[in-house]
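S.K.: sequence unknown, structure follows:
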């Protein structure tokens with residue numbers, strides 16, 4: 001999970017190894033081997049847990065906001081002008097399934 005590093009204040013990936021927390025930063029590729037290089041900064045347990053709690057809180061807020069948008073109280077498509085105007089809902093990403101496989105028989109078939 002990406003968090004802001006306690007040491008350098010840059011974004012990196014949080015790793016937990018038992019009771020040890022660290023942030024992994026990408027340092028580019030090794031020119032000889034072509035493999036990725038990383039460097040690490042140790043994080044305190046309290047800081048790592050506070051960052052995780054903040055991320056979890058944001059994710060919960062986002063999911064509740066999406067649930068509100070999808071509820072019938074906030075998005076009632078039956079009264080929408082899109083349906084009454086005859087427009088398709090394809091532009092919303094709701095494309096009905098269609099059969100796309102067609103068999104063509106050549107004109108020279110017996």
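M.R.: Cool, got the structure. From a predicted model like this one, the values you see are computed outputs, not experimental measurements.
S.K.: buried sites along the top helix by length along the chain?
M.R.: Ordering each helix of the chain by length in residues (DSSP state H) puts helix 45-70 first. By neighbour count with 16 or more other C-beta atoms under 10 Å, helix 45-70 contains the buried residues 47-48, 51. C-betas here are computed from N, CA, C, even on glycine.
S.K.: can you list those in a markdown table and add distance to residue 29?
M.R.: Compiled in a markdown table, these are given as follows (distance: C-beta to C-beta, whole Å):
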| residue | distance to residue 29 |
| --- | --- |
| 47 | 30 |
| 48 | 28 |
| 51 | 28 |
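S.K.: and the helices in this structure, which stretches?
M.R.: 45-70, 81-84.
S.K.: would you mind telling me which of the ones you listed is nearest residue 32?
M.R.: Closest approach to residue 32 among those (C-beta to C-beta): helix 45-70, 33.6 Å.
S.K.: show me what that closest one is packed up against.
M.R.: Under the contact criterion of 3 or more C-beta pairs under 8 Å, 6 or more residues apart in numbering; DSSP states H and E, helix 45-70 touches strand 2-4, strand 11-17, strand 20-29.
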